[in-house]
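Peer 1: pasting the sequence and the predicted coordinates here, then a few questions.
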Amino acid sequence: MLKIVLIDDESKALQSLEYEILELNEQVEIVGKYTDVHQAINFLENNEVDCVFLDIEMPNMNGFNFLDNFEKREFQVVITTAYEQYAIQAIKKSAVDYLLKPVDSDDVKITIDKIIENKKNKNGTLILQEFIQNFSTPTFKQEKKIGISVDGKIIFLMHDEIIYCESDGNYCSIYLVGNKRLFVTKKLKDIEQILPPEFFYRIHHSYIINIEKVREYLRTDGYVILDENKRIPVSRQKRISFLAKI
C-alpha cells in the first residue's frame, strides 16, 4: 500500500486531489491531509510515508522552505501548484513530478505509477535528480542496444533509430526513422522503463519522444516538431520541464 500525505492551504484543493488519487488506484492510502504546515512537519517527523503532494504558495511557509525541514528525506515529493515558474526549483529539490492545478487525471495517474515504480526500485527521492545529472553529463560508455519484443522475436535498436513512441491503450507504436513503425503489445509505461532516460522523455501521457529528434517547439500551440516532420503535443504539465531538458 502506497502511503501519501497531501499538503495545501486550501481545503477544497485537498479534497479534489484526494478524490483524483483514490479514484485512480486502490493501492493508495491517504494517511494525512494538512492545511497547516507545522502539523504536517510534526506528522512526517513521526511517521513513515512514501510520498508528499505539496503545494508551494502557502501563507505561513512556502513548500520549498517546508522541505528544508527534512535534511535526510525518505519520502518522495510531488509539487502541486497553479504557477509554472516553480518548475526549476522543483527539479533542484529533487521532486519526482510537478503537477499544475487544476490537476489532470491522466497526469495524476502517470505520477502515481512513477511513485510506485520508484518505491519498487528503492530510489524514489533521487530518481529525478539522477535523471537530470545523467541527461546533462556526457557518457563515455559504449551505448547498449534497446531490445524490443515484437511478434515472438526481439528487435535490437540504437536509440537514434527511434523518433517517438505513442500509446494505444494496452499497446503502443514505436515510430522509427524512414517512416517505419513497430506495433508492440506493451503499455507505454513499460516501454518507458527500457528506454535510456538520457535520450527519451515522456512529454504527454500518450507520447515519449527522442530528445535528439526535436527540431522545433511551437510554444503557443504546445507542440514539438520532430524529425520527418512528426508533430507531437506537449502536455501542459510537462512544458516547463521539457524546456529545461532541451
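Peer 2: That came through fine.
Peer 1: any stretches of this protein with poor pLDDT?
Peer 2: 122-143 (pLDDT under 70).
Peer 1: spatially central residue for it, please.
Peer 2: With the centre of the chain defined as its mean C-alpha position, the nearest residue by C-alpha atoms, centre = their mean is residue 97, 4.8 Å away.
Peer 1: what sits against that one?
Peer 2: Neighbouring residues of residue 97 by C-beta atoms under 8 Å, 6 or more residues apart in numbering: 78-79, 110-111, 114, 128. Every C-beta, even on glycine, is put in place using the N, C-alpha and C of the backbone.
Peer 1: what does residue 22 give?
Peer 2: 28, 30.
Peer 1: for it, helix, strand, or coil?
Peer 2: Using DSSP: H, G, I helix; E, B strand; the rest coil, the structure places residue 22 in helix.
Peer 1: that one and residue 165, how far apart?
Peer 2: Distance check for residue 22 against residue 165: by C-beta to C-beta, to the nearest Å, it reads 29 Å.
Peer 1: secondary structure and neighbour count added to the contacts of residue 97, as CSV?
Peer 2: Output for these, formatted as CSV (DSSP: H, G, I helix; E, B strand; the rest coil; neighbours: other C-beta atoms under 10 Å):
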residue, secondary structure, neighbour count
78, strand, 23
79, strand, 24
110, helix, 23
111, helix, 23
114, helix, 21
128, helix, 24
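Peer 1: what is the nearest of the residues you listed to residue 236?
Peer 2: Nearest to residue 236, judged by C-beta to C-beta, of the contacts of residue 97 is residue 110 at 13.2 Å.
Peer 1: surely the closest one touches residue 202?
Peer 2: Yes: counting by C-beta atoms under 8 Å, residue 202 is a contact partner of residue 110 at 7.3 Å.
Peer 1: quick check: residue 69 is in a strand.
Peer 2: No: using three-state DSSP, the secondary structure at residue 69 is coil, not a strand.
Peer 1: backbone dihedrals for it, please?
Peer 2: phi -80, psi -10 (degrees, to the nearest 10).
Peer 1: any idea how far residue 97 is from it?
Peer 2: Taking C-beta to C-beta, one finds residue 69 at 21 Å from residue 97.
Peer 1: hey, where'd the helices end up in the chain?
Peer 2: For the chain, the helices defined by DSSP state H cover 11-24, 37-46, 63-67, 87-92, 105-121, 127-136, 188-194, 239-245.
Peer 1: show me what the fifth one is packed against.
Peer 2: By that I understand helix 105-121. If contacts are counted by 3 or more C-beta pairs under 8 Å, 6 or more residues apart in numbering; DSSP states H and E, helix 105-121 sits against strand 2-7, helix 11-24, strand 76-81, strand 97-100, helix 127-136, helix 188-194.
Peer 1: got those as JSON lines, with distance to residue 150 columns?
Peer 2: Below are these laid out as JSON lines (distance: least, C-beta to C-beta, whole Å):
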{"stretch": "strand 2-7", "distance to residue 150": "33"}
{"stretch": "helix 11-24", "distance to residue 150": "30"}
{"stretch": "strand 76-81", "distance to residue 150": "34"}
{"stretch": "strand 97-100", "distance to residue 150": "30"}
{"stretch": "helix 127-136", "distance to residue 150": "27"}
{"stretch": "helix 188-194", "distance to residue 150": "12"}
